[in-house]
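Enquirer: predicted model and sequence below, questions to follow.
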Amino acid sequence: MTEHLTVVDHPLVQHKLSIMRDKNTPTAVFRQLLREISQLLAYEVTRSLPLTTREIETPMQMMNAPTLDGKKLALVSILRAGNGLLDGVLELIPSARVGFVGLYRDEETLQPVEYYFKVPDGIEDRLVIAVDPMLATGNSSVAAIDRLKAAGAVNIRFLCLLAAPEGIARMKEAHPDVPIVTAAVDEKLNAMGYIVPGLGDAGDRMFGTK
Ligand code: URA
């Protein structure tokens, strides 16, 4: 991937996202749409995966058929909202390995604090797709990617649903080597660090908490 930012402007993605933004959309529908959208985003974030060939026999003849090259990729969910993107992406890439980075946001400083970290073996040889629906201040995304790099990851992509310009700028400054794929770039952050117009708290919306 060469672009730092890819906005997936596919009509299906935009339509589903609009329903998710609506505050009257119930939790079950929100969750289902997130699952569907995550598959469409996963399609885009894996677009340039390297291929090799494998000799197979079709009912007609032998052929060198394209197959994915290299180690199984690692999906890393940035807890807890990242989990909402996991299932959909795993449906598309069922053999992916899965890791978790647990960060909570200190409500006063808005800075991330780590409480959990577990990633697949051989992370240095895998494409790592870090998933978190909301790229807001970028603080937790940058911290999660700092941590993945410290663990040895060198080939990382970041998949989110919504991004704020502030978060994109922060990621570009801290991790210019990490391409971002998102469904939309919103206007700005508000004083509380929420994306506007946004969709509210993604974790609360998908898990039905408040
Ligand atoms: N996290 C969310 O869930 N929503 C935002 O708008 C910003 C951060």
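Expert: Perfect, thanks for sending it. Numbers count the residues shown, from 1 in each chain.

Enquirer: does anything pack onto the longest strand belonging to the chain? Which helices or strands?
Expert: Ordering each strand of the chain by length in residues (DSSP state E) puts strand 97-105 first. Helices and strands touching strand 97-105, by 3 or more Cβ pairs under 8 Å, 6 or more residues apart in numbering; DSSP states H and E, are strand 74-79, strand 112-118, helix 139-150. Backbone N, C-alpha and C define where each C-beta goes, glycine included.

Enquirer: will you turn the ones you listed into CSV that also has mean neighbour count?
Expert: Formatted as CSV, the helices and strands packed on strand 97-105 follow (neighbours: other Cβ atoms under 10 Å):
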stretch, mean neighbour count
strand 74-79, 25
strand 112-118, 14
helix 139-150, 21
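
Enquirer: circling back to that earlier point, direction included, what does the longest strand of the chain pair against?
Expert: Here strand 97-105 is paired, per DSSP bridges, with strand 74-79 (parallel), strand 112-118 (antiparallel).

Enquirer: distance to the ligand for the ones you listed - can I get that in a markdown table?
Expert: Formatted as a markdown table, the strands paired with strand 97-105 follow (distance: least, Cβ to the nearest ligand atom, whole Å):
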| stretch | distance to the ligand |
| --- | --- |
| strand 74-79 | 11 |
| strand 112-118 | 11 |
